[in-house]
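K.L.:
any chance you can model this:
(one chain, ligands or ions: 3)
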Amino acid sequence: MSDTKVYLLDGGSLVLDGFHVFWNRGPGGEIRFPVYSILIEHAEGRFLIDSGYDYDHVMKVLPFEKPQQSKAQTIPGALAELGLEPKDVGVVFNSHFHFDHCGGNKYLPHAKRICHKLEVPQTCSPEPFEVLGYSDVSFSVEAAETRGMTDQLIDGATRENTTFEGIEGDVELAKGVKLFFTPGHSIGHYNLLGEFGTRKPILFSIDAAYTQKSLETLCQASFHIDPDAGVQSMRRVKQLAEDHEADLMFSHDMENFKTYKTGTQFYR
Ligand code: 5PN
Ligand code: ZN
Ligand code: ZN
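P.N.:
Ligands and ions are numbered 1, 2, ... in the order given. Coordinates of the predicted model:
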């Protein structure tokens, strides 16, 4: 769409060991990486893609990831910097439900919610090795009840306002806002292509490739449901970027993130 604007909402940072970021490759050692959400101002409405992590959740469940997040880096804080409130967001799309992509959903009970049709069931019954990734269930009464984790729910959360529309395959969320099914990292993982009036399209790898080096070396993170599918999805990300002559933006790459527009700056 000619007047589409894309804002990156800085959500703070976390730490992982290099052998988690670059599975079976490393090198080891602490890597601090950014977490961010994507706000799309579009003729068809305001779309939020992912919602970052919840600081209190990480401190409680994964304090070893050393979260750093200011008030301005929460979803309400980042929206406020743009003169917006959570109720101004019409649609929330979650690429997948790892805790660093859904922690702010709780602030958006009035929004329409969309995700891959297998991601909520997977959050309800994660594989044993996925339990930590799917540890923030505050976005879903169904998941919180199924897992016996209703203590995470905030006042006002209901089945009704935490129910998702499930999608499958590649889907155009709005004109020029394209979701590509790239499973492997999670069962229902999507990445995102944004098209604009003038500038080149932007392809957000999301967690199919945490960093530029991940894609260059086809080295995925150690968190995945199907590593074969994960490599195939990385190849697909490369091909999509080529086919659409898109700029690539990575989900958890501090060096590149420092060059991205954040705050009141935007892509159009
Ligand atoms: C940042 C981060 N830390 C841990 C996990 C995990 O266990 O699954 C996904 C994930 C993460 O994105
Ligand atoms: Zn993830
Ligand atoms: Zn992530």
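K.L.:
make it CA atoms for all contacts and neighbour counts henceforth
P.N.:
OK.
K.L.:
could you check how many residues crowd around Y7?
P.N.:
22 (other CA atoms under 10 Å).
K.L.:
buried stuff in the helix or strand it falls within?
P.N.:
Taking DSSP states H and E as the definition, one finds Y7 inside strand 5-17. Residues of strand 5-17 classed as buried by neighbour count (16 or more other CA atoms under 10 Å): 5-17.
K.L.:
hmm, that strand touching ligand 1?
P.N.:
No. With CA under 6 Å from any ligand atom as the criterion, ligand 1 is not reached by strand 5-17; the gap is at least 6.7 Å.
K.L.:
around ligand 1, pick out the residues from this structure.
P.N.:
Close to ligand 1, as judged by CA under 6 Å from any ligand atom, the chain has residues 98, 100, 130, 132-133, 223.
K.L.:
can you select the buried ones from the residues you listed in ChimeraX?
P.N.:
Selecting only the buried entries of those in ChimeraX, with 16+ other CA under 10 Å as the criterion:
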select :98,100,130,133,223
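K.L.:
which one of the residues of the chain next to ligand 1 sits closest to ligand 1?
P.N.:
G133 (3.2 Å; CA to the nearest ligand atom).
K.L.:
leaving out chain neighbours, which residue sits closest to the closest one?
P.N.:
H98 (4.8 Å; CA to CA, 6 or more residues apart in numbering).
K.L.:
same question for G230.
P.N.:
Closest to G230 by CA to CA, 6+ apart is G184, at 3.8 Å.
K.L.:
what does the next helix or strand after the strand holding Y7 rub up against?
P.N.:
Moving toward the C-terminus from strand 5-17, the next helix or strand (DSSP H and E) is helix 18-21. Here helix 18-21 makes contact (CA atoms under 8 Å, 6 or more residues apart in numbering) with 25-31, 210, 220-223.
K.L.:
on that earlier part again, can I get the strand holding Y7 as PDB, trimmed to CA atoms?
P.N.:
Listed next in PDB are the C-alpha coordinates belonging to strand 5-17 (Å, rounded to 0.1, in the frame of the first residue of the first chain):
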ATOM      1  CA  LYS A   5       4.200   3.000   7.500                       C
ATOM      2  CA  VAL A   6       6.200   0.500   9.500                       C
ATOM      3  CA  TYR A   7       7.400   1.300  13.100                       C
ATOM      4  CA  LEU A   8       9.700  -1.000  15.100                       C
ATOM      5  CA  LEU A   9       8.700  -1.000  18.800                       C
ATOM      6  CA  ASP A  10      11.900  -1.600  20.800                       C
ATOM      7  CA  GLY A  11      11.100  -4.100  23.500                       C
ATOM      8  CA  GLY A  12      14.400  -4.200  25.300                       C
ATOM      9  CA  SER A  13      17.000  -7.100  25.300                       C
ATOM     10  CA  LEU A  14      17.800 -10.500  26.600                       C
ATOM     11  CA  VAL A  15      20.900 -12.700  26.900                       C
ATOM     12  CA  LEU A  16      21.600 -16.200  25.600                       C
ATOM     13  CA  ASP A  17      24.700 -18.300  25.300                       C
END
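K.L.:
same question for it, mean pLDDT?
P.N.:
The average pLDDT within strand 5-17 is 98.
K.L.:
so what's the spatially closest residue to V171 that is not a sequence neighbour bridging to?
P.N.:
Closest residue in space to V171, ignoring its immediate chain neighbours: L179 at 5.2 Å, by CA to CA, 6+ apart. Here L179 sits in beta bridges with V171, L192, going by DSSP bridges.
K.L.:
tell me how many other residues crowd L179.
P.N.:
23.
K.L.:
just V58 next, same as before
P.N.:
With other CA under 10 Å as criterion, V58 counts 20.
K.L.:
list of residues touching the strand holding Y7?
P.N.:
By CA under 8 Å, 6+ apart, strand 5-17 touches 28-42, 52-53, 64-70, 73-75, 78-79, 196, 261-268.
K.L.:
so S214 makes contact with S222?
P.N.:
No. Look at S214 against S222 with CA atoms under 8 Å: they stay out of range, at 11.4 Å.
K.L.:
look at the two and report which has more neighbours.
P.N.:
S214 (19 against 16).
K.L.:
quick one: the strands in the chain?
P.N.:
5-17, 30-42, 45-49, 91-93, 112-116, 165-167, 171-174, 177-181, 190-194, 202-204, 247-249 (DSSP state E).
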